[in-house]
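**Student:** after the sequence you'll find the predicted model.
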Amino acid sequence: MLNSKRVVPFFKIRVFIVFGFFIFLFGLVIIRLFLLQVLRERFFQRMALQQYNVEVTITPPRAQIWDRKGEALTFNRRVKSAFIVPNDLSEKEKTLSFLKKHYPKAYAHVIKDPKKHFVWVERKVSPANLELIEKSKIVDIQYIEESQRFYPYPNLSPVLGFTNIDNLGISGLELQYNSLLAGIPTLWKIEKDARAKKFYFSKMLEESGLIGKDLVLTLDIKLQSFASKELEETIKASGAKEGAVIIMNPENGEILAMQSYPFADPNEEIKNLDETKNRIVTECFEFGSVVKAFAALAALEAGVVTPEEIIDCEGKATYIDKFRVENWKSVGKLSFSDVIKHSSNVGVAKVAKRVGEKLYDYYRKLGLGSVTGLKFQGERSGYVNSPDKWTRSSVIVMSFGYELNGTLLQIARAFSIIANGGFDVHPSLVIDKDALKKNEEKERLFSEKAIIQLKDILQTIGDNYKVEGFRVMGKTGTARMLDGGHYSKTKHIYTFVGILEKGDYKRVVVTFIKEPMKANLWASEIAAPLFQRIAERMVLYEKLI
């Protein structure tokens, strides 16, 4: 009888064992893949990104700034910025040796954290340093292109300001309008080839930002340039410490030129921050006899004097309310018009006493003691002593320039009110609809009669600085500077404010010189001639003669 049990051959058993073993291995692989690709997916994604990708935030090319006639006042240049990846250096010793010698700050960063994924070697590498790096053949130093601001007219730096290493405005109009000009930064994801260890910028994954909007200024770069040149020549010839010029259209408040000296070159390393200031708006001064024009307007507006009235100026000095007042030279009886022409302290003080406390109100109407509305960074409001703080002498000394101070822009605005017939005006540096609308809504501050009378008086001074074919009106101012709490006998500031007029054409020009080497000067000898030279060049440029 045959055995009914089937005997399984040994080779088949081995097949089953081997098959089962591979099924087991395959199961392990599946489990492993599940762990790696599902449960630990984010972990390995982060690791891959750290090894093969670097994120860098780059600001977009900054929007441009233009003058009123379409001349570019800024440019953007493409420059290289150098960086390394410390955790992936091919020639570590050579690279660190180079950094230690030439870039100690970058070297310190790498030594502190050698596993960092990104370290700047130098942002916006200078041509000389770029040549140095390339000659050294440091393969670990990579480059990325960035935008760098360039200023073709360095003399404009007190107005335009400048940007930092990230192309963000940090002074002047660059700061004031930074959000408009800068746009929105772009995020660059730089992908690295795992084998060649090179960065292929064609493989960048870009999260786009937004380009900023251009800014058009009221400035005329031609006017600005020759005003700057005349100012610089005057300062160098006189050995003065500082100076400034401002040219303004009194009808609409547009500033056509605004120059401070000295100034820093924003294209180079700035060593003296004081030279970045726009002194026309950020510094206040006592302007001396320039203020007599304002006191005269107040008296004429109040009706307490006429241009023809005779005022006794009492020689070289006298006492008014037991307060000694001196004239700069001995003068006797003068018409009120000649009181202003000859700049008599005694004469103007006597008339100012008639105006009384209202003198303060008239000064404030002219914009003294208030910011102009330009909204320029660091603009000062100045100071006018209010009647509640007055002493017996206050109304006297305020008539010829003490117990009040202001900026050159405030002086330009006040004379613009005189020049345009007595209407309020708001200075502007940027051409925009809001500024135009603001100055279209004219508010009369002073009567036409008082303005006409004052202009006739100021013309008697302006006739000394004639510009052929134009009516010139102006006022000089010489003032002592405060030094250690006392008025110096050797340090002075000199100002001339002139109005140039021909038909509908009107300009206000302010010239200012501070501390020339020669002490015993008058504004008529230094600031007024500067005005005359600038005015002559201005009318030639604007093709009016």
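**Tutor:** All right, it came through fine. Every value quoted in this text rests on a predicted model; they were computed, and no experiment measured them.
**Student:** any idea how far the most centrally placed residue in the chain is from residue 420?
**Tutor:** Centroid-nearest residue in the chain, with C-alpha atoms, centre = their mean: residue 172, separated by 1.6 Å. Distance, residue 172 to residue 420, using C-beta to C-beta, to the nearest Å: 27 Å. Any C-beta I mention is one placed from the backbone N, CA and C, and that applies to glycine too.
**Student:** cool, residue 131 as well?
**Tutor:** 57 Å.
**Student:** buried stuff in stretch 253-272?
**Tutor:** Neighbour counts over stretch 253-272 (16 or more other C-beta atoms under 10 Å) mark 253-264, 266 as buried.
**Student:** how about stretch 355-362?
**Tutor:** 355, 358-360, 362.
**Student:** and the average pLDDT for it is what?
**Tutor:** For stretch 355-362, the mean pLDDT works out to 97.
**Student:** what does that stretch contact?
**Tutor:** Contact with stretch 355-362 is made by 294-295, 297-299, 301-302, 304, 352, 384-387, 390, 395, 398-399, as judged by C-beta atoms under 8 Å, 6 or more residues apart in numbering.
**Student:** narrow the residues you listed to those in strands?
**Tutor:** residue 384 (DSSP state E).
**Student:** the contacts of stretch 355-362, buried ones only, as a PyMOL selection?
**Tutor:** Command for PyMOL, covering only those of those found buried under the criterion 16+ other C-beta under 10 Å:
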select buried, resi 294+295+297+298+299+301+302+304+352+384+385+390+395+398+399
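**Student:** before we move on, the earlier item: the buried residues of stretch 355-362: which two are farthest apart?
**Tutor:** 355 and 360 (9.3 Å; C-beta to C-beta).
**Student:** which segments of the chain make up each domain?
**Tutor:** 54-216, 221-541 (automatic domain parsing).
**Student:** worst average pLDDT in these?
**Tutor:** When the domains of the chain are ranked by mean pLDDT, domain 54-216 comes last with a mean of 84.
**Student:** those strands in the stretch 151-300 of the chain, which residues are they?
**Tutor:** Using DSSP state E, counting those that start in this stretch, the strands of the stretch 151-300 of the chain run over 186-191, 205-207, 215-216, 242-248, 255-261.
**Student:** so which of those strands gets nearest residue 531?
**Tutor:** Closest among these, using C-beta to C-beta: strand 242-248, at 8.5 Å.
**Student:** name the helices or strands packed onto that closest one?
**Tutor:** When contacts are defined as 3 or more C-beta pairs under 8 Å, 6 or more residues apart in numbering; DSSP states H and E, strand 242-248 sits against helix 221-238, strand 255-261, helix 279-282, helix 408-419, strand 505-514, helix 523-541.
**Student:** figure out how far the top strand by length along the chain is from the centre of its chain.
**Tutor:** Criterion DSSP E: the longest strand present in the chain is strand 486-502. Strand 486-502 has its C-alpha centroid displaced from the chain centroid by 24 Å (C-alpha atoms, centre = their mean, to the nearest Å).
**Student:** which strands and helices sit next to that strand?
**Tutor:** Against strand 486-502 (3+ C-beta pairs under 8 Å, 6+ apart) you get helix 408-419, helix 448-462, strand 471-483, strand 505-514, helix 523-541.
**Student:** give me the sheet partners of that strand and which way each runs.
**Tutor:** Strand 486-502 has its sheet partners listed here by DSSP bridges as strand 471-483 (antiparallel), strand 505-514 (antiparallel).
**Student:** report the angle between the shortest one and strand 255-261.
**Tutor:** In terms of direction (axes from the mean of the first three to the mean of the last three C-alpha atoms, to 10 degrees), strand 505-514 departs from strand 255-261 by 10 degrees.
**Student:** so how far is strand 505-514 from its chain's centroid?
**Tutor:** 20 Å.
**Student:** and that strand, which residues are buried?
**Tutor:** Applying 16+ other C-beta under 10 Å to strand 505-514 flags 506-514 as buried.
**Student:** how about the contacts made by residue 315?
**Tutor:** Here residue 315 is in contact with 327, 330-332 (C-beta under 8 Å, 6+ apart).
**Student:** kindly recompute the last result at 10 Å.
**Tutor:** Taking C-beta atoms under 10 Å, 6 or more residues apart in numbering, we find residue 315 in contact with 326-327, 329-332, 346.
**Student:** report the buried residues of the helix or strand harbouring residue 316.
**Tutor:** Assignment of secondary structure by DSSP states H and E places residue 316 within strand 310-320. For strand 310-320, burial by neighbour count (16+ other C-beta under 10 Å) applies to 311, 313-314, 318, 320.
**Student:** which is the next helix or strand following that strand?
**Tutor:** Using DSSP H and E, the next helix or strand after strand 310-320 towards the C-terminus is strand 323-335.
**Student:** okay, angle between that next one and strand 310-320 too, please.
**Tutor:** Counting by the same axes, to 10 degrees, strand 323-335 lies at 170 degrees to strand 310-320.
**Student:** pull up the pairing partners for strand 323-335, direction included.
**Tutor:** Strand 323-335 has these partner strands in its sheet, going by DSSP bridges: strand 310-320 (antiparallel).
**Student:** residue 487 - how many residues pack around it?
**Tutor:** 14 (other C-beta atoms under 10 Å).
**Student:** surely it meets residue 493?
**Tutor:** No: contact criterion C-beta atoms under 10 Å: residue 487 and residue 493 do not qualify, at 11.6 Å.
**Student:** got any residues that touch both of the two?
**Tutor:** 286, 479-481.
**Student:** list only buried entries from these.
**Tutor:** Buried among these (16+ other C-beta under 10 Å): 286, 479-480.
**Student:** export the residues you listed as TSV, with columns for distance to residue 499.
**Tutor:** Conversion of those to TSV gives the following (distance: C-beta to C-beta, whole Å):
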residue	distance to residue 499
286	22
479	21
480	26
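**Student:** and these, which is closest to residue 424?
**Tutor:** Of those, the one sitting nearest to residue 424 (C-beta to C-beta) turns out to be residue 286, at 24.2 Å.
**Student:** thought residue 482 was touching that closest one, still the case?
**Tutor:** Yes: between residue 286 and residue 482 there is a contact under C-beta under 10 Å: 8.0 Å.
**Student:** list residues touching both of these two?
**Tutor:** Joint contacts of residue 286 and residue 482 (C-beta under 10 Å, 6+ apart) are residue 405.
**Student:** could you report the neighbour count for the closest residue in space to residue 473 that isn't next to it in sequence?
**Tutor:** Leaving aside its chain neighbours, residue 473 sits nearest to residue 458 (3.6 Å; criterion: C-beta to C-beta, 6 or more residues apart in numbering). Residues within reach of residue 458, counting by other C-beta under 10 Å, total 27.
**Student:** circling back: any chance of JSON lines for the strands of the stretch 151-300 of the chain, columns distance to residue 406?
**Tutor:** Listed next are the strands of the stretch 151-300 of the chain as JSON lines, based on distance: least, C-beta to C-beta, whole Å:
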{"stretch": "strand 186-191", "distance to residue 406": "44"}
{"stretch": "strand 205-207", "distance to residue 406": "49"}
{"stretch": "strand 215-216", "distance to residue 406": "27"}
{"stretch": "strand 242-248", "distance to residue 406": "13"}
{"stretch": "strand 255-261", "distance to residue 406": "16"}
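**Student:** quick revisit: nearest to residue 447, of the helices and strands packed on strand 242-248?
**Tutor:** Residue 447 sits nearest to helix 408-419 of all these, at 12.1 Å, using C-beta to C-beta.
**Student:** the stretch 101-250 of the chain: helices as residue ranges?
**Tutor:** 104-112, 127-136, 157-160, 172-176, 178-182, 221-238 (DSSP state H, counting those that start in this stretch).
**Student:** residues in contact with residue 275?
**Tutor:** With contacts defined as C-beta under 10 Å, 6+ apart, the neighbours of residue 275 are 157-158, 242, 260-265.
**Student:** ok, now which ones touch the residue nearest to it when sequence neighbours are not counted?
**Tutor:** In space, and not counting its chain neighbours, residue 275 is closest to residue 264: 4.1 Å by C-beta to C-beta, 6+ apart. Counting by C-beta under 10 Å, 6+ apart, residue 264 touches 154, 157-158, 162, 171, 270-277.
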